[in-house]
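Peer 1: need a 3D model of the following:
(2 chains)
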Amino acid sequence: MSRRQLILIALLLLAACALPFFVSNYRTFQFTLALVYSIALLGLNLLTGYNGQISLGHGAFYAIGAYCAAILMDQYGVPYWATLPVAAVVCLVAGFLFGLPALRLEGLYLALATFALGVSLPALLKYHHLEKWTGGVQGIVINKPEAPFGLPLNADQWLYFFTLAVAVLMFVLAWNMLRGRVGRAMVAIRDHHIAAEAMGVNTAMVKSLTFGVSAMYTGIAGALGAIAIQYVAPDSFNFFLSIMFLVGIVVGGLASISGAIYGALFIQFVPNIADEISKAAPWAIFGVFMIGFVYLMPMGVAGAVRVAMARLSRMTQNRQRSI
Amino acid sequence: MKFVPIAALLAVALASPAALAQKKYDPGANDKVIKIGNTNPYSGPASAYGQIGKSIGAYWKMVNDKGGINGRKIEWISYDDGYSPPKTVEMARKLVEQDQVLFVFQPLGTPPNSAIHRYMNAKKVPHLFVATGATKWNDPKNFPWTMGWQPNYQTEGRIYAEHILKNNPKAKVGVLYQNDDYGKDYLKGFRDGLGDRAASMIVKEVSYETSDPTVDSQIVQLQASGADTFFNITTPKFAAQAIRKAYDTGWKPMHYLNNVSTSIGSVLKPAGLEKAEGLISTQYLKEQTDEQWKDDPAIKEWEAFMKKYYPDGDLLSSFPLYGYTVAQTLHQVLKQAGDNLTRANIMKQAASLKDFRPDTMLPGIRINTSATDFAPIESEQLVRFDGQQWRRFGPIIGK
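Peer 2: Model prediction:
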């Protein structure tokens, strides 16, 4: 990572830390949700962007993470922060187990299998033998965490910083993983499956593990989302959520870490903007936005930013040379 | 910073006690406007309910055209939540914190309202006349800022149970219900009504999902169970299917249909009127497609309203009439509140409705609330379908 990139990231982080002191609590809450989505999108991007496996069912892992957090807090009085590791482990295992049989499925077939997962989970959550824990259709209401240690922050601000800290950790971990051996193996499998195998990559293991890690990221996001919303119910995790995740990574930029952030901002704020433009057909407006983004930035927002930065640096170099 | 206007207001109030007695405002109200917030599913699978939000918006347009309420216009801010609880939380916060509405009125659906239940009460913003029949909205002790409106499903389930116990104590009952909170609430009320005989009297319970194409196989199962009485807890589309199938298979049980699906235009006609003969249900609103209300002045007025203010609304659907009636109730609350438009007074007025009767409700049904009773409509009328219209029979049941 270049020095310039480091400075840029430090500045961004600084801006992110200052944000809740300049905007209303409602906006802070919205940015918290955007951070939550960015973690989920990063998870899906590991799977789809870097490893080439399409998932139409990541909403299911998000739901599992959310229910882990809600059930632990509601039934067992576990503090909110302690629910995240549990949600992570549960989703890692669930994702890995789902990834194993899904190995035999490629492309569209995998998409359909994950689709099945996405549509069936809300119904499973309503299953009445599980009702004791899940609360059935009524869902579970949970308490909002207050700032600890007497910090002078309100609940919204505290949750924002907590989510920001988790997000930064998850992004650094992902970055670290992707630039190493495992990351290269993931990309190699995406680009040429047989060549990767010939080079000695254990494709089955890497693919299943990627599925697991991807599900883990999304599950952590789900747990954070549940804490922020203070409520989980099967209706919160309909199939539409999975599609929105896919929209997010494509608009943000496939196979790009920063793309997860752009994508998260897109799925958090653009539907609201669309709703404000037209009450009658908000989703038509949303569609126009989506087509606009995909058409103008075929590599996602992250790709467009990369190109713009490269051009900028070339321009400054040329200027220096001409002087 | 936020305290400055309040402090200023206090200073003014202390300086002139007379002004205090006259006009009082919380955020969202002033001399000209009352801001009301709402969420409704305008998109997604539950978007048919969006007609309720639209008809209420149309009602305020009419009220504003006629000069508003106590000289103030109504500003109606209604957001789409797609029946998704997280979205409802976001939109409710937008309404309260950014749009600064005086209160939130008629957000729709049990899960969306559950999601904002605590938030509204923590913020002390009225969460008024929510559009769901769950029982938990009547809890003034723990949730003094939330109030339901329609009769709750459990009460209605109990009414049918009592009717069965009285008329056919040896009945063998089959139940079909929608597998969600709405269906289960009805079933719970019904079981509670039957008491310890529920286990022996209910011979079969089957459920369906809203994603099922038909309920034909469920009806066949119920018929095969030997039940002679059928409690039908279904939403309009499935109700029509169930009525037709129960008749076509030659089952012909004693058939109780929940109030949700009593529309003649959108349920009984599609099922076949002759197949619906003998159905027993309860009502609290006039059914606009029922012949007997054809010349009723209130229904005529409603139709004129629909033509002028909500022309794309469905005249056969029960949703716009529901929206119109609940809006009338709020209209009354705001009239009573007068110039004291604080959140506390809105709640107080909503909790002091006395024998209020919107003209689109059935004769004899009245709205009564008090500081300990946050369930506005608690009575219903038993009705029987004679092949043409719903005939009222027996007394009004409930308070």
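
Peer 1: how deep is residue 300 tucked in, by neighbour count?
Peer 2: In the absence of a named chain, chain A is used. 27 (other Cβ atoms under 10 Å in any protein chain shown). Quick note: C-beta positions are derived from backbone N, CA and C, even for glycine.

Peer 1: sorry, I should have been clearer: chain B.
Peer 2: Neighbours of residue B:300 using other Cβ under 10 Å come to 13.

Peer 1: please apply the same query to residue A:136.
Peer 2: The burial count for residue A:136: 20, using other Cβ under 10 Å.

Peer 1: also the one 10 residues further on?
Peer 2: Using other Cβ under 10 Å, residue A:146 has 11 other residues around it.

Peer 1: wait, it touches residue A:158, no?
Peer 2: Yes - applying Cβ atoms under 8 Å, one finds residue A:146 in contact with residue A:158, separated by 6.9 Å.

Peer 1: for the nearest residue to residue A:213 once chain neighbours are set aside, give me its contacts.
Peer 2: With sequence-adjacent residues excluded and distances taken as Cβ to Cβ, 6 or more residues apart in numbering or on different chains, residue A:213 is closest to residue A:46, at 6.2 Å. With contact set as Cβ atoms under 8 Å, 6 or more residues apart in numbering or on different chains, residue A:46 has these partners: A:174, A:178, A:186, A:210, A:213, A:214, A:217.

Peer 1: pLDDT (mean, whole number) over the helix or strand harbouring the fifth one?
Peer 2: Okay, so that is residue A:213. If you go by DSSP states H and E, residue A:213 is part of helix A:203-229. The pLDDT scores in helix A:203-229 average 92.

Peer 1: so how far is chain B from the residue nearest the centre of chain A?
Peer 2: Nearest to the geometric centre of chain A sits residue A:40, at 1.6 Å (Cα atoms, centre = their mean). Per Cβ to the nearest Cβ, to the nearest Å, residue A:40 is found 13 Å from chain B.

Peer 1: can I assume that residue sits in a strand?
Peer 2: No - using DSSP: H, G, I helix; E, B strand; the rest coil, the assignment for residue A:40 is helix, not a strand.

Peer 1: any idea how far it lies from residue B:45?
Peer 2: 23 Å (Cβ to Cβ, to the nearest Å).

Peer 1: what's the local residue count around residue 35?
Peer 2: Unless you meant another one, I'm taking chain A. The local packing of residue A:35 (other Cβ under 10 Å) involves 27 other residues.

Peer 1: look at chain B instead
Peer 2: Using other Cβ under 10 Å, residue B:35 has 19 neighbouring residues.

Peer 1: contacts only, for it.
Peer 2: B:28, B:29, B:75, B:77, B:99, B:100, B:101, B:102.

Peer 1: can you tell me the closest non-neighbouring residue to it?
Peer 2: Nearest-residue entry for residue B:35: residue B:28, 4.0 Å, with adjacent residues in sequence omitted and distances by Cβ to Cβ, 6+ apart.

Peer 1: hmm, residue B:74 and that neighbour touching each other?
Peer 2: No - using Cβ under 8 Å, residue B:28 makes no contact with residue B:74, being 11.0 Å away.

Peer 1: could you pull out the strands for chain B?
Peer 2: B:24-25, B:33-40, B:73-80, B:103-105, B:127-128, B:173-178, B:202-208, B:229-233, B:254-257, B:280-283, B:340-341, B:379-385, B:390-398 (DSSP state E).

Peer 1: same check on the stretch 101-250 of chain A?
Peer 2: Secondary structure of the stretch 101-250 of chain A by DSSP state E, counting those that start in this stretch: the strands cover A:140-141, A:231-232.

Peer 1: CSV for these, including mean neighbour count and distance to chain B?
Peer 2: Putting the strands of the stretch 101-250 of chain A into CSV (neighbours: other Cβ atoms under 10 Å in any protein chain shown; distance: least, Cβ to the nearest Cβ, whole Å) gives the following:
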stretch, mean neighbour count, distance to chain B
strand A:140-141, 19, 6
strand A:231-232, 29, 4
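
Peer 1: buried ones in the helix ranked longest in chain B, by neighbour count?
Peer 2: In chain B, taking DSSP state H as the definition, the longest helix is helix B:319-337. Residues B:319-334, B:336-337 are the ones in helix B:319-337 that count as buried (16 or more other Cβ atoms under 10 Å in any protein chain shown).

Peer 1: for stretch A:179-196, same thing?
Peer 2: Buried residues in stretch A:179-196, defined by neighbour count with 16+ other Cβ under 10 Å: A:182, A:183, A:185, A:186, A:187, A:188, A:189, A:190, A:196.

Peer 1: quick check: residues of chain A near chain B?
Peer 2: For chain A, the contact set with chain B under Cβ under 8 Å from any Cβ of the partner chain comprises A:24-26, A:29-30, A:33, A:123, A:126, A:136-139, A:141, A:225, A:229-236, A:238, A:240, A:275, A:279, A:282-283.

Peer 1: get me the contact residues on chain B for chain A.
Peer 2: Counting by Cβ under 8 Å from any Cβ, the residues of chain B near chain A are B:42-45, B:79-80, B:82-86, B:89-90, B:93-94, B:97-98, B:109-112, B:114-115, B:117-119, B:179-181, B:184, B:209.

Peer 1: tell me the contacts of the residue nearest the centre of chain B?
Peer 2: Closest residue to the average C-alpha location of chain B: residue B:150 at 4.0 Å, with Cα atoms, centre = their mean. Going by Cβ under 8 Å, 6+ apart, residue B:150 touches B:131, B:132, B:133, B:284, B:322, B:326, B:377.

Peer 1: let's see it at 6 Å
Peer 2: Residues near residue B:150 by Cβ atoms under 6 Å, 6 or more residues apart in numbering or on different chains: B:133, B:377.
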